[in-house]
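1. got a structure for you, letters missing:
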């Protein structure tokens, strides 16, 4: 032990307590081989070179370390419980039940198992923790607080659920450093966790070397009964099993209570059997309330299984410690009430006032700041070494960790002229995707079983699979919802990971909750949505989006882009890649479109711009507007009207959000307020177009469901024609 | 046999072939006891009184019947295959692969197993068939055609996927009688099937008597790999297992091919194990291509298991018979091409031209018309008998079968005055739900584990459960997506079943695909969506809808209602119940709202109406508009402005769709075009409000995500205040 500093010694105490079974009630000694220690708890490797040497030098040797006292563990666990109880009580709003039940697993994860650096929540190689049951966020806030994160100080706990606090009612990655993803909508978090674990496996496969495991961390998640019931969770877990994400460890908080009461009333399936079917390793911890050693043993077992993700079903009591409300739905989502808080304090023998962290608990947790710093320092040194040996890989990895896009990346995007052969924007999109994948090291993605329809395959890469995790084509199967959430997880893993995902545009309906979370959590996922209108033809109304463009225009912090040709498609990708804190949806056609004179990448960047005009003095007789496949119709109508002597401006409104952000002057230069004769055409709902065509204009679109017939027939039957635009223009002029 | 007519004799031939194993290759005889026959194939009971008597009189006796020749079965199966091949080929678009692989199970279901009446596709007690893998719709069209449905005649097959045909690219219940629900979006159909089976179990429990099984049918579904991957399918199947829907029999077409190729690339879970975990009985038919007897035996086994739904995993070859394309993705979604069609004809020994149904096949199937008529006649007689014995139950059941709402039902809805105590519209909604349940026999529903938050419990009923299927509170668990689809199935079962379902409004994102199918398939589901704005407070932006009202206003054929108080809530329910072919979404508040002077049920029915006005001659100085919880703010601002001498009109715009449908004259009387000074307020996206406020008006709303804080703080911070409305009104006046 002579070569270990005292700080390192205290660290050694952590894992030891996990390995004693049964755990005695007072201070004790355990014997561990260093090799054993290191293989079970790789975190120790990073900051304990002496221990590593010891392990190397004396493979059969043993070391001795002090375990954390059980009483201190219990005290720490109760601290977590009461921080949650007190914060919810003060806010008179929140969910105390889960934190009270999950405090033991939370304590063990954050105090004994996970590698992280509280003073740099963004340290690349940290273990990731996801609270999929996001309503129990006070668990996470209490843990971040104890661990020393600056984002959750005592005052923040006291401001729980208040205006501008860093402790909102559900975990928000954009508010609280230390929170990896935004959760609350059930099932999303476990799907995000699958994305994070995928990212780790992918990057490890690409960048690790026999002499340097530069990417090496676990992803932990806690999910509840509610998450388990959601379809998205099953989708994501089916993929996790398929991909063999061995470093994903999910705790299923089996507390038998959901808002409606006992889960018996709606949830009697055998979750273990289902997960075995999904290809997971399953462990059941029967006593999640006080069985610390059971929990530790389960984590050890989970880590030992490297080819499968592990589900640790952990039976707990919701609201553990509350004498009158534990094990009932009443403790799920409301403050306990003053009386019951007092009763719980008595019941758990907690003599302290609200928000109090006992000194010994504080002191015990205080080491995480120095340990975390040491972990990062150690990793940085390792990375410096890696950089020397593997400069090219290091540069690539750096650009993924830091999102420094390579200079001139946008020049890789294809260019087109009006002479280029007409093509569907879904095909032009594929050219862009393949161009970007060549220059962006963090670019990867795939489709929900429609790769050959969405045209999303990256030709120079193979499929990301269990045994080919270095590849970049993701095969999501027909699982749109989890696809979106997995992509959220991927981009939240490292800001330079730029995931795209694809399906038919109408099926954004299946994944809307995930898309909204991209927007809310500032996750710059690129949604490649083909078959974007009735123009898809024969598949009929179940497959034809109508209201979808409008519905995303109404959603905050998302870019809805509907490019009209090759140039606009390239422009849309430029915008999408640049917007790392805002997701983009690209609506792309199944049908061929010509490359239009006047379209430009710069125009797309402004969201709306003039593609042709024969007027003077910013006073055309009429303005024709279109997006996507209908811009061609607007352009043709413009030509026809000009042939009849009219001064006509044709405007592309490829992205309303970007156009909205332009200066008033610019907007006026495109859509002068004095010109009220305006006609728009878009193969979708006209809802919202009043904003663009004004009170006297006319919006041509489709306000009913579509139909099954060839595309050209549908365009005629639904009145999406040059003649219709010309007639409308004459009406409004 | 003397007492059986020849028609009956031919029917007897059907089941017999199912029971012979191995099936000989030529005409053969089998021995069956009538009791045995009747217990396995209850369809026989209905139209074979002599057989029933025989069974009663001679329990140990045996009868003899001729089996359908195997060669004829094969010929029929190939007829189905080629009708699909030819229709897709003619349309140059469609999905031949599934019909070619599933023709054997399709044949057995429609020719040997199912009870239906081709000339009355709406006969109440028919077995229901759902093609969840809706892209394979040519299977269903071919079967309906052979069975004698008028909706699918030869010409319809030739018009496959053409404008105004009755054979669209995916099955549409509103286009093609005989199609029970609209499928295509994967996973929806199996969830619909759960709803249909739930409806059967519920109605059987309520109406069957020891001496009369007046409700007694099966629900069959075919789902593919794609359906299996979708989360909604797992949700629905978990519920089906929980509810013990023993008369639901699902065929899982295990063909190992999806659009992206072999399912190995994305779908390697063990489906059987998963379904066992979900509480299903699971059977594997290894030869779904030619193993007719295996299929028959599996159905028999499935029927014998009465307390669990059954999954028959049936391994087939996609595109069976195509020598060069079978078992590949290329046969999934494209026409085979002339050459391959010829090769397939040769390969399967099919000498006939396109769309030809051989005479012996035609003649074999022709009996279904008379048999189906007999089935219905028999059932009608049974019902007449039932009606005599149980007039009250018969009347109730009739109203469910025919959707004759009881006279004066709407009078049951509660009434309010401005003096009634302020309350949240979610609570007022509960009063309406409970009032309606008392008078509408087909009214049932529930929440996705939020009954106590959505306020949706029907107090006079218990929970619908496996052993209490007569009850009407449905406990969906946290499964929004399947909840919507199950409700679609319930209302498609019988037009008088009026299902409602509930969650937080923001979580319509989880179920949007199902809601859209309600709208498209004209399923009048009532969506009770509480917590409808940032007014829900502390739960924060993950739970606060912003763009949702706008997103549904853009969706065709749906009513988006946002009532402001008790009267409007009652009005919204009146509208929702009346609209049996259009779903309704009620957005309801968590926070208390006063009952406003001037609101009215009649006003709600018009969608938009004046609640107060101190102007004369239809020329107010300003029009203030609001919906839901913000109508109160508009009303207060109106009072304030009137106090300052202005002529102010306050308008409720509770449903834009209903308002749009009013006469131009009426609309002008509410929103006179000459009055351009207009201000709207709504706690949601302002997207689309230009339509109402016009070019000079102002829309107050929330165009960013919300935040976690108490509701009153949020309203102030987001500018949803009386002062803001007053200030805006002064600006526009």
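-> Received it, and whenever you're ready, just let me know what you need. For clarity, every value in this text was computed on a predicted model and none was experimentally measured.
2. From now on I want contacts and neighbour counts done on CA atoms only, so please keep to that.
-> Will do.
3. following the helix or strand in which residue A:312 is found, which helix or strand comes up?
-> If you go by DSSP states H and E, residue A:312 is part of strand A:310-315. Next in sequence after strand A:310-315, counting helices and strands by DSSP H and E, comes helix A:338-347.
4. Neighbouring strands of the strand holding residue A:312 in the sheet, and parallel or not?
-> Using DSSP bridges, strand A:310-315 pairs in its sheet with strand A:248-254 (parallel), strand A:281-285 (parallel).
5. and those, which is most packed in?
-> Most buried of these, by mean neighbour count (mean count of other CA atoms under 10 Å in any protein chain shown): strand A:248-254, with a mean of 27.
6. next structured bit after it?
-> Counting by DSSP H and E, the element after strand A:248-254 in chain order, helix or strand, is strand A:257-258.
7. helices or strands up against that following strand?
-> Applying 3 or more CA pairs under 8 Å, 6 or more residues apart in numbering or on different chains; DSSP states H and E, one finds that strand A:257-258 makes contact with helix A:225-229.
8. Tally up the residues packed near whichever residue of chain A sits closest to chain B, please.
-> Per CA to the nearest CA, residue A:231 is where chain A lies closest to chain B, at 3.6 Å. By other CA atoms under 10 Å in any protein chain shown, 30 other residues sit near residue A:231.
9. OK, contacts around residue A:275?
-> By CA atoms under 8 Å, 6 or more residues apart in numbering or on different chains, the contact list for residue A:275 reads A:237, A:281-282, A:311, B:274.
10. how about the residue nearest to residue A:565 when sequence neighbours are not counted, what does it touch?
-> Leaving aside its sequence neighbours, residue A:565 sits nearest to residue A:595 (CA to CA, 6 or more residues apart in numbering or on different chains; 5.1 Å). Counting by CA under 8 Å, 6+ apart, residue A:595 touches A:416-422, A:564-567.
11. out of the strands paired with strand A:310-315, which comes closest to residue B:663?
-> Proximity to residue B:663 (CA to CA) singles out strand A:248-254 among the strands paired with strand A:310-315, at 56.5 Å.
12. Now tell me what touches that closest one from outside.
-> For strand A:248-254, the external contacting residues (CA under 8 Å, 6+ apart) are A:102, A:190, A:193-194, A:197, A:218-225, A:299, A:302, A:309-316.
13. try stretch A:620-629
-> By CA under 8 Å, 6+ apart, the residues outside stretch A:620-629 that reach it are A:562-565, A:587-589, A:593, A:613-615, A:631-635, A:638, A:646-654, A:671, A:675-683, A:729, A:733.
14. Please produce a PyMOL select command covering the buried subset of these.
-> To isolate the buried members of those in PyMOL, using 16 or more other CA atoms under 10 Å in any protein chain shown:
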select buried, chain A and resi 562+563+564+565+587+588+589+593+613+614+631+632+633+634+635+638+646+647+648+649+650+651+652+653+654+671+675+676+677+678+679+680+681+682+683+729+733
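15. Give me the subset of the contacts of stretch A:620-629 lying in strands.
-> Counted as lying in strands by DSSP state E, out of these, are A:587, A:593, A:613, A:648-652, A:678-681.
16. want to try a markdown table for those, with distance to residue B:609 and pLDDT as columns?
-> Converted to a markdown table, the ones in strands among the contacts of stretch A:620-629 look like this (distance: CA to CA, whole Å; pLDDT from 0 to 100):
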| residue | distance to residue B:609 | pLDDT |
| --- | --- | --- |
| A:587 | 37 | 98 |
| A:593 | 45 | 98 |
| A:613 | 43 | 98 |
| A:648 | 40 | 98 |
| A:649 | 39 | 98 |
| A:650 | 38 | 98 |
| A:651 | 37 | 98 |
| A:652 | 37 | 98 |
| A:678 | 30 | 98 |
| A:679 | 30 | 98 |
| A:680 | 30 | 98 |
| A:681 | 31 | 98 |
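17. closest to residue B:243 among the residues you listed?
-> Among the ones in strands among the contacts of stretch A:620-629, and counting by CA to CA, the member closest to residue B:243 is residue A:587, at 40.6 Å.
18. residues contacting the nearest residue to residue A:235 once chain neighbours are set aside?
-> Spatial nearest neighbour of residue A:235, chain neighbours left out: residue B:231 (5.4 Å); criterion: CA to CA, 6+ apart. Neighbouring residues of residue B:231 by CA under 8 Å, 6+ apart: A:230-235, A:479, A:481, B:187.
19. can you check residue A:502 too?
-> A:446-448, A:450-451, A:454, A:456, A:527-530.
20. Quickly list what it is bridged to.
-> Beta bridges link residue A:502 to residue A:447, residue A:528 when assigned by DSSP bridges.
21. Now the residue nearest the centre of chain A: which helix or strand?
-> Per CA atoms, centre = their mean, the C-alpha nearest to the average position across chain A is that of residue A:488, at 2.1 Å. Under the criterion of DSSP H and E, residue A:488 resides in helix A:480-493.
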